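In: here you go, sequence then predicted model.
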Amino acid sequence: MNSLMIKQFKTKRIKNKKFLEFVSKHECCLSAHSSYPCHANVQAHHLLKPYDGVRGMGMRASDNNAVPLCYYHHAQLHDSHGNEDMFWESFNLSADYGRNVAKKYWEKFNGKN
Ligand SMILES: [Zn+2]
């Protein structure tokens, strides 16, 4: 086992391309909360603060920690908000909105809902 494999084993990073595709097929999770008409180019955004699992230095969150965001909001989050919790709060949402959305889609994807 090389060191990279050990790292992945330790952090239990979930990789799931199908889930990312599933997420990106949904509406931007801010479409109901923003005046911006977000229709096109929905992408799966990896949460900066995952609800599950550890995000190591320079590592992406596990793929189960992903939410649908349109290109505009995705860029806005990365450009103007280093702080994800505050980003959600700027839309009058709770700080854990993204984590709740990710969880909801992950459970839906796995047929728990
Ligand atoms: Zn949007």
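Out: Sure thing, it's come through. Numbers count the residues shown, from 1 in each chain.

In: count of residues packed around the closest residue to Asn41 other than its chain neighbours?
Out: For Asn41, ignoring the flanking residues on the chain, the nearest one in space by CB to CB, 6 or more residues apart in numbering is Tyr71 at 3.8 Å. For glycine as for every other residue, the C-beta is placed from the backbone atoms N, C-alpha and C. Applying the criterion other CB atoms under 10 Å, we find 13 residues in the vicinity of Tyr71.

In: and the contacts of the top helix by length along the chain?
Out: Longest helix in the chain, counting residues (DSSP state H): helix 97-109. Helix 97-109 is contacted by residues 18-19, 22-23, 26, 29, 45, 47, 49-52, 64-68, 84, 88, 91, 94, 113 when judged by CB atoms under 8 Å, 6 or more residues apart in numbering.

In: and stretch 64-74, by the same measure?
Out: Applying CB under 8 Å, 6+ apart, the external contacts of stretch 64-74 come out as 14, 16, 19-20, 23-31, 34, 36, 38-47, 50-53, 77, 98-99, 101-102, 105-106.

In: can you pull out the helices in the protein?
Out: Under DSSP H, the chain gives helices at 3-11, 17-24, 71-80, 84-89, 97-109.

In: in the chain, what spans have low per-residue confidence?
Out: By pLDDT under 70, the weakly predicted segments of the chain are 1-12, 52-60, 81-82, 112-113.

In: centre-most residue in it?
Out: Geometric centre of the chain, nearest residue: Ala66, 2.6 Å, by CA atoms, centre = their mean.

In: who does it bridge with?
Out: Using DSSP bridges, the beta-bridge partners of Ala66 come out as His46.

In: measure Asp63 to the ion for me?
Out: Separation of Asp63 from the ion (CB to the ion, to the nearest Å): 20 Å.
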